[in-house]
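Q: Okay, here's the prediction I keep looking at, along with the sequence it came from:
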Amino acid sequence: MADVQKQFEQFHATIRVDYEMGANLREKRDIIVAKIERYLEQHGHPSCRVLLQGSYKMKTGVKPIAELEYDLDIGLRFDLDESAHSAAEVRGWVLEAVRGHTQNVEDKGPCIRVNYEAGFHLDLVVFAVSEEDNGTERYRLAHRTKGWRPADPPGLLEYVSDYHTTRFAGTEDAATRMDQFRRCVRCLRRWNDVQMPFDNDGKPTGLGLVLLAIQQELKRAIYLDGRSDDRGALAEFTRRIATTIGRVGATKP
């Protein structure tokens with residue numbers, strides 16, 4: 001089989017995007033967070049802190065193609081017990097703070113989406129965080145229709161990090177310093193976007209593909225000389241998934 005690792009690494013460098021690269025996204029995030037903080041203070045509401053999450057934090061994001069947009073998930077952490085305020089109430093504070101910030105602000109199920117004409121959006125996800133009796137933190141996500149829902153964004157990030165740091169150490173490429181797991185997940189995400197270059201409820205999410213790679217055990221592949229073999233890792237993984245009988249699923253831990 002041909003040695004195409006150089007081409008795979010070049011492709012990864014071309015499609016990758018993460019928070020450190022997205023200066024425009026960082027600027028827009030800072031502006032909107034400052035606006036929310038001012039609103040909360042002016043109206044006597046509890047303050048919040050930023051909790052960065054999603055593909056930018058996991059470093060598995062890819063540049064959008066066709067009708068797809070750049071997006072950034074911004075967690076807003078309110079240090080309060082969910083019994084003190086309803087999910088609708090806390091979401092209402094955030095919604096009022098950003099209303100009119102752009103021409104298109106959407107009150108969606110798990111988030112409040114601020115759309116920008118430049119072709120990207122920010123998803124504001126509201127969390128109530130309180131302390132359990134054993135000293136651990138309890139997270140609840142404010143859903144538009146389902147109220148406070150159990151969540152654990154730090155635990156999810158740790159779950160993903162534990163998998164790839166323990167199994168793919170030493171597979172980082174010279175250009176991006178990303179390990180084989182992240183490079184392969186980005187390839188899967190780009191394939192997903194090429195197959196369905198628009199948002200659709202039936203389309204696998206980026207997080208879904210990350211969890212699939214973990215729970216169906218994307219395996220490290222290397223050449224005899226110790227170099228990474230991304231083609232081999234992806235070929236083994238996708239062949240195994242394609243020949244699985246029945247529904248293939250991935251769930252949040």
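A: Alright, I've got the coordinates. Numbers count the residues shown, from 1 in each chain.

Q: so residue 72 sits in a helix?
A: No. Going by DSSP: H, G, I helix; E, B strand; the rest coil, the assignment for residue 72 is strand, not a helix.

Q: Report the helix or strand with the lowest average pLDDT across the chain.
A: The weakest-scoring helix or strand in the chain, judged by mean pLDDT, DSSP states H and E, is helix 55-58 (a mean of 84).

Q: can you map out the strands along the stretch 51-200 of the chain?
A: 70-78, 104-107, 112-116, 120-131, 137-143, 147-151 (DSSP state E, counting those that start in this stretch).

Q: Can I get those in CSV including mean neighbour count?
A: Every residue, glycine included, has its C-beta placed from N, CA and C. Formatted as CSV, the strands of the stretch 51-200 of the chain follow (neighbours: other Cβ atoms under 10 Å):
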stretch, mean neighbour count
strand 70-78, 22
strand 104-107, 13
strand 112-116, 20
strand 120-131, 21
strand 137-143, 20
strand 147-151, 16
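
Q: quick one: which of these is nearest residue 239?
A: Nearest to residue 239, of all the strands of the stretch 51-200 of the chain, is strand 70-78, at 30.8 Å by Cβ to Cβ.

Q: helices and strands around the closest one, which ones?
A: Using 3 or more Cβ pairs under 8 Å, 6 or more residues apart in numbering; DSSP states H and E, the elements in contact with strand 70-78 are helix 23-42, strand 48-52, helix 55-58, strand 120-131.

Q: what's the least confident stretch among those?
A: In terms of average pLDDT, helix 55-58 trails the rest of these, at a mean of 84.

Q: State the distance from residue 197 to residue 55.
A: According to Cβ to Cβ, to the nearest Å, residue 197 stands 17 Å off from residue 55.

Q: Please disregard the earlier target; I meant residue 24.
A: Distance of residue 24 to residue 55, computed by Cβ to Cβ: 16 Å.

Q: More neighbours: which of these two?
A: residue 55 (23 against 12; other Cβ atoms under 10 Å).

Q: Point to the residue nearest the middle of the chain.
A: residue 54 (1.9 Å; Cα atoms, centre = their mean).

Q: Quick check: which ranges of this protein have low pLDDT?
A: 1, 19-22 (pLDDT under 70).

Q: Ok, which of the strands of the stretch 51-200 of the chain comes nearest residue 160?
A: strand 70-78 (13.9 Å).

Q: how about the CA coordinates for that closest one, as PDB?
A: C-alpha atoms of strand 70-78 as PDB (Å, rounded to 0.1, in the frame of the first residue of the first chain):
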ATOM      1  CA  TYR A  70     -18.400  28.300  11.500                       C
ATOM      2  CA  ASP A  71     -19.900  27.900  15.000                       C
ATOM      3  CA  LEU A  72     -18.700  28.300  18.500                       C
ATOM      4  CA  ASP A  73     -20.300  26.800  21.600                       C
ATOM      5  CA  ILE A  74     -20.100  29.100  24.600                       C
ATOM      6  CA  GLY A  75     -21.100  27.700  28.000                       C
ATOM      7  CA  LEU A  76     -22.400  30.300  30.400                       C
ATOM      8  CA  ARG A  77     -21.900  29.000  34.000                       C
ATOM      9  CA  PHE A  78     -24.200  30.500  36.600                       C
END
